[in-house]
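Student: What follows is a predicted protein model with its sequence.
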Amino acid sequence: MNAPPRFDSLRAQLLAWLIFPLAILVAIDAVTVYHASIEAADLAYDRSLLASTRALSERVSIVNGKVVANVPYVALDSFETDTLGRIYYKVTGIEGDFVSGYDDLPPLPKNAQRSQAYPALVYFYQAVYRGEPVRIAALYQPVYDDTIRGIALIQVGESLEARRDLSRKILFDTLLREALLVLAAAILVWFAVRFALRPLMRLTGDVEARKPTDLADFDPSLVHREVRPLVAAMNGYMARLQALIAGQRRFIADASHQLRTPLTVLKTQAELALRETDPKAMRDMVGGIAGTTDATVHLANRLLSLARAEHGAAEGELQHVSLTGLARQVGLELAVEAVKKDIDLSFEGQR
């Protein structure tokens, strides 16, 4: 036989069903916000990197038929701001010759895709330089004078330390904000659930404060609509219980009224028998006592049968009864009386 299901606190279940889905939704939102913030930060960093590349391209020119880059150290120092990491650059001439910067800076991959976010002919790619990841912007810059014209390649790379620091800051800020949001929502939900369960708590207090003899109905309008069937069922149960108690009280009153007379007669006969000295008269009195006792027993049996019948009707539960077994039991109970009265009593049926 399966054990009945166990239910914990309704308040705990409501909080669980409200807080857990909310926490999942907040976690999904946190991941979405985090990725969106990282994309926005990458876009901002790429803009800064492109601005540095353009600033460097303005210092590239042709002097005596050669591409030169006039990049003073002060200009390089200005590139390294708080928003960027370490800066590396490289200028390549029209013929692919090295002009200035770091000659071992990773070259532009052949499969690099041109950035569609800017009108300039710029490519963004990531590589590893000097043991650390870098983000590089490669800008093709037209250069010309009266004798020569062509396109130079300006590459500016930055380490990803600043981006990683910003990513971690965004992640921590997002998690902290979402955690505070979940905590605030949990507190609000807890107060809301507590407020919503106040009618049930009030009903619980009314039930506990009731006296054992108070079987009046509870007012269904004081609780939520969903709980009113439960209150109606409680009222119906108390009505049936009240009817059962009333029946038992009637039975006790009837039994006491009907048994009072034969018991009084029996007591009187017994007192008279104790005073009698004549054996024949005493025998007659004892016979009367026996008859009164039989009548009392018969009345008590009828009252008990009536009580069982009323109790079964009050319970409203029907059970299967074997008529054969019932007839055999009645026959056994009547067998002694039948023998005393020389009555032939037998039972024929299935065993």
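Tutor: Received, thanks. Residues are numbered from 1 along each chain as shown.
Student: Name the helix or strand for Ile94, please.
Tutor: Ile94 belongs to no helix or strand when elements are defined using DSSP states H and E.
Student: So what does the residue lying closest to it once chain neighbours are set aside look like in phi/psi?
Tutor: Leaving out its chain neighbours, the residue that sits closest to Ile94 by CB to CB, 6 or more residues apart in numbering is Gly150, at 3.3 Å. Placement of C-beta: from N, CA and C, glycine included. With angles defined as degrees, to the nearest 10, Gly150 sits at phi -180, psi -160.
Student: how near is Gly150 to Asp165?
Tutor: Computed with CB to CB, to the nearest Å, the distance linking Gly150 and Asp165 is 39 Å.
Student: picking up where we left off before, so the residue nearest to Ile94 sits right up against Asp97, yeah?
Tutor: No - between Gly150 and Asp97 there is no contact under CB atoms under 8 Å: 11.3 Å.
Student: what do the two both touch?
Tutor: Shared contacts of Gly150 and Asp97, defined by CB atoms under 8 Å, 6 or more residues apart in numbering, comprise Val67.
Student: Find the helix or strand that Asp284 is a member of.
Tutor: Using DSSP H and E, the element containing Asp284 is helix 279-315.
Student: what's the model's confidence in that helix, averaged?
Tutor: When pLDDT is averaged over helix 279-315, the result is 71.
Student: so Ala243 sits in a strand?
Tutor: No - assignment of Ala243 by DSSP: H, G, I helix; E, B strand; the rest coil gives helix, placing it outside any strand.
Student: what's next to stretch 213-221, contact-wise?
Tutor: Contacts to stretch 213-221, defined as CB under 8 Å, 6+ apart, come from residues 203, 206-207, 228, 231-232, 234-235, 238-239, 241-242, 245.
Student: do that again at 7 Å, thanks
Tutor: Residues outside stretch 213-221 that contact it (CB atoms under 7 Å, 6 or more residues apart in numbering) are 203, 206, 228, 231-232, 234-235, 238, 241-242.
Student: and the chain, what are its domains?
Tutor: The chain breaks down by the TED database into domains covering 10-178, 215-314, 321-350.
Student: Show me how far the last one is from its chain's centre.
Tutor: Relative to the mean C-alpha coordinate of its chain, domain 321-350 is positioned 64 Å out (CA atoms, centre = their mean, to the nearest Å).
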